[in-house]
Each structure stands twice: as C-alpha cells, then as structure tokens.
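Coordinates for the following, if possible.
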Amino acid sequence: VLISCNKTESQDFYVINGEYKNYEGDIYLVPAVDTLYYSNNFKIDTATVVDGKFRFKLSTKFETPLPFRIANGSSITDQFVIESKDQLIKIEEINSMIKPSIFCENSTVHNEDVALWERRQPSREEFRTTMNSLNNSEFSNDSIQKISDGAQEIFKENTLMIIKEFSKDYPKSYVSFWYLAMSQMYFGYTIEIESAYQNL
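Numbering: from 1, shown residues only. As a prediction, this is how the structure comes out:
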C-alpha cells in the first residue's frame with residue numbers, strides 16, 4: 001500500500017483526469033482527424049468511469065495541441081483541442097453538439113476553442129433545425145433530398161466563412177489550424193480553405 005501511494009505517474013504520459021457524473025462504464029478518447037497527424041503515437045484510449053471519475057493518458061511525444069473526441073458505445077462529443085500537459089476534463093453529456101469543458105493551467109487553447117464553437121453555434125442550430133423538420137415532414141423524397149442538399153451547402157458555406165474569419169482573428173492559434181484541417185477532411189479542397197490557411 002505504501003509503495004502504491006508513493007508511486008508517481010510515468011514521465012512518458014500526460015494525465016487527463018476527468019469527471020462525468022451520473023455515468024458508469026467505458027468511454028474512449030479518439031482522434032478527431034486522420035490518425036497520420038498523431039504520428040502513430042495514438043490510436044484510441046479507453047477509460048472506465050467509476051464514481052464519476054476517469055483518467056486518460058496522452059504520450060509526452062506530443063509537443064503540440066491536438067484535436068480529440070470522447071465517445072461511448074452509442075454517441076460522441078463535439079471535437080475539442082487539448083494541449084500536451086496534465087489537465088482536467090469535465091463531460092456534461094456525450095453528444096455531438098456538446099463540447100467537454102477543459103481546465104488546464106496557463107492555457108489559451110481551450111478559450112479559443114470555445115470562442116470558435118460559440119461562433120459556429122447559430123449555423124449548426126439552423127442546420128439541425130432544418131434537418132429535424134424534414135424528418136417530421138410529408139414532403140416527397142425528391143423534395144427532402146433537394147432541401148437537405150441546400151441546407152448542407154448553406155452549412156458548409158457558413159462554416160468555411162466562420163473559420164476563415166476566425167483564422168484571421170487568431171492567426172497563431174492551433175485551434176485555427178486544426179479546424180481548417182478538419183474542414184478540409186470534411187469538405188475537400190476549396191478556395192476558401194486555401195485562403196484561410198494564408199491567414200495563419
């Protein structure tokens with residue numbers, strides 16, 4: 001017991017302590033972009049939530065902030081960027097519209113991440129409302145497809161415009177870089193993404 005109490009965490013890992021109340025079971029820390037960005041240092045980490053607490057480990061080989069999501073068996077959180085240091089994550093709910101809260105000493109990354117999330121929320125809500133209305137409509141399949149395609153195109157345009165403006169406001173931000181990388185992963189090459197990269 002004394003040996004266990006005095007045992008320190010391996011210097012090979014940063015510790016991500018977490019809180020997730022009213023949940024018991026396994027959750028997973030997963031990459032939010034192509035795993036090539038993680039240089040084979042990370043695939044997935046599993047933690048078991050016990051008494052509202054859990055713990056992930058992040059390799060100290062990572063020297064820059066990286067984007068992740070947290071998943072359980074049926075859902076996944078919104079993506080978030082975490083720094084290469086010890087930190088605390090609080091999960092309110094595992095839901096694609098909800099971002100976990102991160103507490104990390106001397107960090108600006110999480111504040112920037114939340115700022116971008118807040119800018120994107122109106123567009124995301126508009127898109128979600130449109131798609132939900134289609135599920136409860138009596139439109140023909142052709143009409144549903146047309147409205148869905150139009151809503152997705154508007155969402156894409158709004159997303160790229162917001163991220164382009166954000167990268168102009170935060171040109172030295174890892175958050176700007178990673179959300180541009182994710183946009184390229186989702187939408188492919190666009191002139192707006194190329195222009196936004198020029199802001200960095």
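
residue boundaries of the strands in the protein?
13-19, 25-31, 45-49, 53-59, 66-71, 80-82, 87-90, 101-103 (DSSP state E).

between these, which one is nearest to Ser183?
Closest approach to Ser183 among the strands of the chain (CB to CB): strand 66-71, 11.8 Å. Quick note: C-beta positions are derived from backbone N, CA and C, even for glycine.

Dump the C-alpha coordinates for that closest one into CSV.
C-alpha atoms of strand 66-71 as CSV (Å, rounded to 0.1, in the frame of the first residue of the first chain):
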residue,chain,number,x,y,z
LEU,A,66,-4.2,18.0,-30.9
PRO,A,67,-7.9,17.5,-31.6
PHE,A,68,-9.9,14.7,-30.0
ARG,A,69,-13.4,13.5,-29.3
ILE,A,70,-14.8,11.4,-26.4
ALA,A,71,-17.1,8.5,-27.3
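
and the angle from that strand to strand 13-19?
Put simply, strand 66-71 runs at 40 degrees to strand 13-19, going by axes from the mean of the first three to the mean of the last three CA atoms, to 10 degrees.

what packs against strand 66-71?
Counting contacts by 3 or more CB pairs under 8 Å, 6 or more residues apart in numbering; DSSP states H and E, strand 66-71 packs against strand 25-31, strand 80-82, helix 174-187.

Dump these to CSV, plus mean pLDDT.
Listed next are the helices and strands packed on strand 66-71 as CSV, based on pLDDT from 0 to 100:
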stretch, mean pLDDT
strand 25-31, 95
strand 80-82, 93
helix 174-187, 93
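
Just name the most buried of these.
Per residue and on average, the most neighbours among the helices and strands packed on strand 66-71 fall to strand 80-82, with a mean of 23 (mean count of other CB atoms under 10 Å).

Run the chain-centre distance for that one.
Relative to the chain's own centre, strand 80-82 is displaced by 6 Å; criterion: CA atoms, centre = their mean, to the nearest Å.

Which other helices and strands does that strand contact?
Under the contact definition 3+ CB pairs under 8 Å, 6+ apart, strand 80-82 sits against strand 66-71, helix 109-135, helix 174-187.

Neighbouring strands of it in the sheet, and parallel or not?
If you go by DSSP bridges, strand 80-82 pairs up with strand 66-71 (antiparallel).

contacting residues around the strand it pairs with?
Strand 66-71 has contacts (CB atoms under 8 Å, 6 or more residues apart in numbering) with 27-33, 37-38, 42, 76-82, 84, 89, 91, 94, 100, 178, 181-182.

same check, this time on stretch 91-98
Under CB under 8 Å, 6+ apart, the answer for stretch 91-98 is 18-20, 23, 27, 70-72, 75-78, 100-101, 124, 128.
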